[in-house]
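>>> what follows is a predicted structure for the sequence shown.
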There are 2 protein chains.
Amino acid sequence: MASIRDIAKRAGVSVSTVSRTLNNYSDVSKETREKILRIARELNYFPNAVAKSLVQKKTYTIGIFFGNKVNSGFDHPFFLDVISAVREVVGNAGYDLLIFTNKNKERATYTTLCRERSVDGVVLLLTGEGKKKTETLTELQESDIPCVAIDIPMEGRVCTYVESDNYHGSKEAMSHLFDLGHERIAFIGGDEISKTSFDRLRGYQDALMERKIGFNPTYVQLGYFSREKAYTATKEIMLKHPEITAFFAASDEMAFGVIDALTELGYKVPEDVSVVGFDDIKEAKTFSPPLTTVRQDKYGLGSEAAGLLLKFIENPEPEIHPVVLPCKLVVRSSTSRLKK
Amino acid sequence: MASIRDIAKRAGVSVSTVSRTLNNYSDVSKETREKILRIARELNYFPNAVAKSLVQKKTYTIGIFFGNKVNSGFDHPFFLDVISAVREVVGNAGYDLLIFTNKNKERATYTTLCRERSVDGVVLLLTGEGKKKTETLTELQESDIPCVAIDIPMEGRVCTYVESDNYHGSKEAMSHLFDLGHERIAFIGGDEISKTSFDRLRGYQDALMERKIGFNPTYVQLGYFSREKAYTATKEIMLKHPEITAFFAASDEMAFGVIDALTELGYKVPEDVSVVGFDDIKEAKTFSPPLTTVRQDKYGLGSEAAGLLLKFIENPEPEIHPVVLPCKLVVRSSTSRLKK
DNA sequence: TTGTATGCGTTATCAT
DNA sequence: ATGATAACGCATACAA
């Protein structure tokens, strides 16, 4: 409640002197400084960040967008890890996090929302349709708002993205299956719009080609990152192609759906059919059977994104380059050697 | 970038007319209104929320504190559900969410942080030590900042809390074990400071007393909501009291620890020993064996908290009353009938 | 219906 | 070393 004016009045000095004192300027005499500090404490003074933001044009706030639309739910598979990392990194630099939630603004775009709130930078953690390069995404990318996206290939003067090395992650998964003797491997992909999905599919295809096994398009279906859709797709594939001995799903959620379907069809996992997932979400470890999967460095994704963002904010002409984080195959019990 | 001044200049009117137009005041002639609106669009105008906040003393921002200290990690077991619900509810009312992260401010309290950012209200989702009624918690409770805590018994003029009906949840769990024939039931509690822990323990004790079985203190240990600590406690108890046939853990995480220990000691769950958890976190369902547990309405906790907060903000003299949400026993496969 | 003037709490520029 | 004053972008009381 107390403002610097109140302090100034009590101390018998001007507001500018108070301001300088509170901001640790050197040109304040020791006596007045101490007096002001004492009074500030007495009045239980705290600076008003809003007023400060207005004049400094800096809010020390990082915005975050989630979900599959401009505004929507928290349906990202590892929202928690990413946001936790972002929070840690930007927090240490003195920034707070603003989660955009405002739903009753039509005509709002990422850019206008950011400008309205005057955030210093923004992290994009979108899913599904939100990852499609729409007009509003392009607008943001070309704006002067520092921006880092997770898993969306955006690039601008102060805009880039962070992703996992999905291509090589996919290949590692395939290598593992090859090592176990599998060759007839089905793939349950993500969607047709995201780079993430595309890279994982490409890894699958290339692994097959390099192994001279060849790529059979009828072994591939899209599951749209949904357990249910993956379940349906698996049934369809497996009924038509009972010769398949392994499934590679582009997400753990979908791998669960694959296993659901397989189990219902009477196959045992991994005895009859092996299954590999992607992501290594929390439930992967406790699932039955524990899922072999490609682990993404979720925390790293978030901390890299935050680090880049801070660089953009603090550096007027940053070098920009997307960050690609390595994946790691985690072998558990949903895969096993092919029985002759 | 464009301000109402720019619009005013272009339109040849005063800033107040522009302001009134943009805020849908009725006393603006149709022509000037249309002209202003057109120019606003041309200039790609958006209001500056910071400036607006300064003059209106309202930020349309809800703050959230997490973790076990004033500032710390996201270690709450269902952070995601709660925050998702809060976001939904306050979002529909036009508020955004501010996650406090700022770590480099010593001497900061919940109250000063809230004042500094001028949040309109705040949600507390703390764990561990953070739930202890410290000075800074009391300060917040007694302040005029609208505040709703989850699982912490705080009450003030614009401050209350939301919790699950832990006591009856506990009793339900015990009833289930009684129904299966168990009588020698151990309890792995939470901590000694939270009401949540206390209520669950009380439910356990009362259930035992009402059943005329009596309460054996040596059957009780604290696990501090940690899988590891619960593991250790379980070993200790089970080695001393092999007559025990069931464990009731005050959280799912701890129930996992209980099962870890039991398994290592050579007991089969649920054949030899039954185990019940509390919370129904995501992994409970996929754990092996799928965990019987007491489900908390996590989303409800968040949406009730948000609803109360909005009431406090919009109503000068709200009636205050804590909200207690019912729990629900979810029977899965970690409990079974006692073998004679 | 419109304009003028003031203030929100702070920083920053320029004097003194 | 300190003070006066303008400015940030907007809302609002009051006057016209």
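Sure thing, it's come through.

>>> closest point of the stretch 151-300 of chain A to DNA strand C, which residue?
With C-beta to the nearest atom of the strand, the shortest gap between the stretch 151-300 of chain A and DNA strand C falls at A:Val158, namely 21.4 Å. C-beta: built from backbone N, CA, C; applies to glycine.

>>> the helix or strand hosting A:Thr138 near chain B anywhere?
Using DSSP states H and E, the element containing A:Thr138 is helix A:135-142. No - applying C-beta under 8 Å from any C-beta of the partner chain, one finds helix A:135-142 separated from chain B by no less than 10.4 Å.

>>> please state the offset of that helix from the chain centre?
Distance, stretch centre to chain centre, for helix A:135-142: 18 Å (C-alpha atoms, centre = their mean, to the nearest Å).

>>> ok, which stretches of chain A are strands?
For chain A, the strands defined by DSSP state E cover A:61-67, A:96-99, A:121-126, A:147-150, A:159-164, A:185-189, A:220-222, A:246-249, A:274-279, A:292-295, A:323-325, A:328-330.

>>> A:Val220 contacts A:Ile185, doesn't it?
No - A:Val220 is beyond contact range of A:Ile185, at 10.0 Å (criterion: C-beta atoms under 8 Å).

>>> who has more neighbours out of the two?
Neighbour count, other C-beta atoms under 10 Å in any protein chain shown: between A:Val220 and A:Ile185, A:Ile185 has more, with 22 against 17.

>>> check contacts around the more buried one.
A:174, A:177, A:204, A:208, A:219, A:244-248 (C-beta atoms under 8 Å, 6 or more residues apart in numbering or on different chains).

>>> same thing but 7 Å
Counting by C-beta atoms under 7 Å, 6 or more residues apart in numbering or on different chains, A:Ile185 touches A:177, A:219, A:246, A:248.

>>> looking at these, which two lie furthest apart in space?
Longest distance between any two of those is 12.6 Å, between A:Leu177 and A:Tyr219; criterion C-beta to C-beta.

>>> compare those two (neighbour count), which wins?
Comparing A:Leu177 with A:Tyr219 by other C-beta under 10 Å, the one with more neighbours is A:Leu177, at 24 against 20.

>>> pull the contacting residues for the more buried one.
A:Leu177 sits next to A:185, A:246, A:248, A:274, A:276, A:335 when contact means C-beta under 7 Å, 6+ apart.

>>> just the buried residues of those.
A:185, A:246, A:248, A:274, A:276, A:335 (16 or more other C-beta atoms under 10 Å in any protein chain shown).

>>> what about chain A, any weak spots by pLDDT?
Low-confidence segments of chain A (pLDDT under 70): A:68-75, A:102-106, A:133.

>>> make it 90
Applying pLDDT under 90 to chain A flags the ranges A:1, A:26-27, A:66-81, A:83-84, A:101-108, A:127-134, A:286, A:288, A:315-317, A:339-340.

>>> next to chain B, which bits of it? Give me the list.
A:46-51, A:53-54, A:59, A:71, A:73-74, A:79-80, A:84, A:87, A:90-92, A:94-104, A:112, A:115-118, A:282-283, A:286-288 (C-beta under 7 Å from any C-beta of the partner chain).

>>> how about the helices in the stretch 51-200 of chain A?
For the stretch 51-200 of chain A, the helices defined by DSSP state H, counting those that start in this stretch cover A:79-92, A:110-117, A:135-142, A:166-179, A:195-210.

>>> now do the stretch 201-340 of chain A
For the stretch 201-340 of chain A, the helices defined by DSSP H, counting those that start in this stretch cover A:227-240, A:252-264, A:282-286, A:298-314.

>>> just put these in CSV and tack on mean neighbour count.
Below are the helices of the stretch 201-340 of chain A laid out as CSV (neighbours: other C-beta atoms under 10 Å in any protein chain shown):
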stretch, mean neighbour count
helix A:227-240, 19
helix A:252-264, 23
helix A:282-286, 19
helix A:298-314, 22
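
>>> what's the closest of those to A:Lys195?
That would be helix A:298-314 among these, by C-beta to C-beta, at 14.1 Å.

>>> angle of the closest one against strand A:274-279?
20 degrees (axes from the mean of the first three to the mean of the last three C-alpha atoms, to 10 degrees).

>>> roughly how far does A:Ser288 sit from DNA strand D?
To DNA strand D, A:Ser288 is 57 Å away according to C-beta to the nearest atom of the strand, to the nearest Å.

>>> how about A:Gln221?
A:Gln221 sits 50 Å away from DNA strand D, going by C-beta to the nearest atom of the strand.

>>> can you count the residues close to that residue?
By the criterion of other C-beta under 10 Å, A:Gln221 has 17 neighbours.

>>> that older thread, out of the strands of chain A, deepest packed?
strand A:246-249 (a mean of 31; mean count of other C-beta atoms under 10 Å in any protein chain shown).

>>> how far is that one from where the chain is centred?
Distance, stretch centre to chain centre, for strand A:246-249: 24 Å (C-alpha atoms, centre = their mean).

>>> which segments of chain A make up each domain?
Domains of chain A are assigned by automatic domain parsing as A:4-43, A:61-163+A:298-324, A:166-296.

>>> give me the distance between the two termini of the last one.
Right, the one you point to is domain A:166-296. Start-to-end span of domain A:166-296 (C-alpha to C-alpha, to the nearest Å) is 9 Å.

>>> run a quick neighbour tally on A:Asp179.
By other C-beta under 10 Å, 10 other residues sit near A:Asp179.
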